[in-house]
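*Asks:* here's my sequence, what's the structure:
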Amino acid sequence: MQGHSSMIYFVDDVEGSPAAQNLALRDLPLRDILFVSEKMAIGVGFDCNPLIFAADETGLWSFVRYLDERKVTPSTSKASQLSEALGKLYGQSRQGSSSDTVEPSKPRGGAHENCITCIVPLRKGSESIVKRFSTSGLDGKIVVWDLENHITIPK
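*Replies:* Numbering: from 1, shown residues only. Next up is the predicted model:
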């Protein structure tokens, strides 16, 4: 379950006694969540980059990482990141871009350039574990993700 408060709630109903856990996100709220297995979920939303959540052997959920993490060079200043983010917000393109531009810091700078609004599993036959899914966002893009190339999926 998700809310508009940058919190994600996990409820595990095992043998009639539900256990609830809430996890505070340090960034922006989620819009949609997909459970790819019993112990892994992918959340999408205003960060423009899918977030991976996993449960440990005791059932406690935690944020693992962004799915489409990009490395940022140390020369990237906060001012240039803010300027680029504001330009995207107001629909302005970067003037005088060169080929040595630096990707914005995570979570932005990946496949999506605006809020991801939907995540859909892509299954083959009767697979119980989701290995591929698609995301769509306000940037008009539809992206197909292959988890086997990004992470190990716990069963």
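
*Asks:* count of neighbours near Leu30?
*Replies:* By the measure other C-beta atoms under 10 Å, the count of residues near Leu30 is 25. Every residue, glycine included, has its C-beta placed from N, CA and C.

*Asks:* please report how far Val120 lies from Asn114.
*Replies:* 18 Å (C-beta to C-beta, to the nearest Å).

*Asks:* worst-scoring helix or strand of this structure, pLDDT-wise?
*Replies:* Lowest on mean pLDDT, DSSP states H and E among the helices and strands of the chain sits helix 78-89, with a mean of 56.

*Asks:* just the C-alphas of the helix or strand hosting Phe10, formatted as PDB.
*Replies:* Assigned by DSSP states H and E, Phe10 falls within strand 7-14. What follows is strand 7-14, C-alpha atoms only, in PDB (Å, rounded to 0.1, in the frame of the first residue of the first chain):
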ATOM      1  CA  MET A   7       5.700   6.200   3.100                       C
ATOM      2  CA  ILE A   8       5.300   2.600   1.900                       C
ATOM      3  CA  TYR A   9       3.300   0.100   4.000                       C
ATOM      4  CA  PHE A  10       3.800  -3.600   3.900                       C
ATOM      5  CA  VAL A  11       1.300  -6.000   5.500                       C
ATOM      6  CA  ASP A  12       2.100  -9.700   5.700                       C
ATOM      7  CA  ASP A  13      -0.900 -11.800   6.600                       C
ATOM      8  CA  VAL A  14       0.600 -15.100   7.800                       C
END
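
*Asks:* what's the next secondary structure element after it?
*Replies:* Once strand 7-14 ends, the next helix or strand along the chain (criterion: DSSP H and E) is strand 17-24.

*Asks:* helices or strands up against that following strand?
*Replies:* Under the contact definition 3 or more C-beta pairs under 8 Å, 6 or more residues apart in numbering; DSSP states H and E, strand 17-24 sits against strand 7-14, strand 61-66.

*Asks:* would you confirm that Val130 contacts Ile119?
*Replies:* No: counting by C-beta atoms under 8 Å, Val130 does not reach Ile119; the two are 9.8 Å apart.

*Asks:* cool, thanks, talk later.
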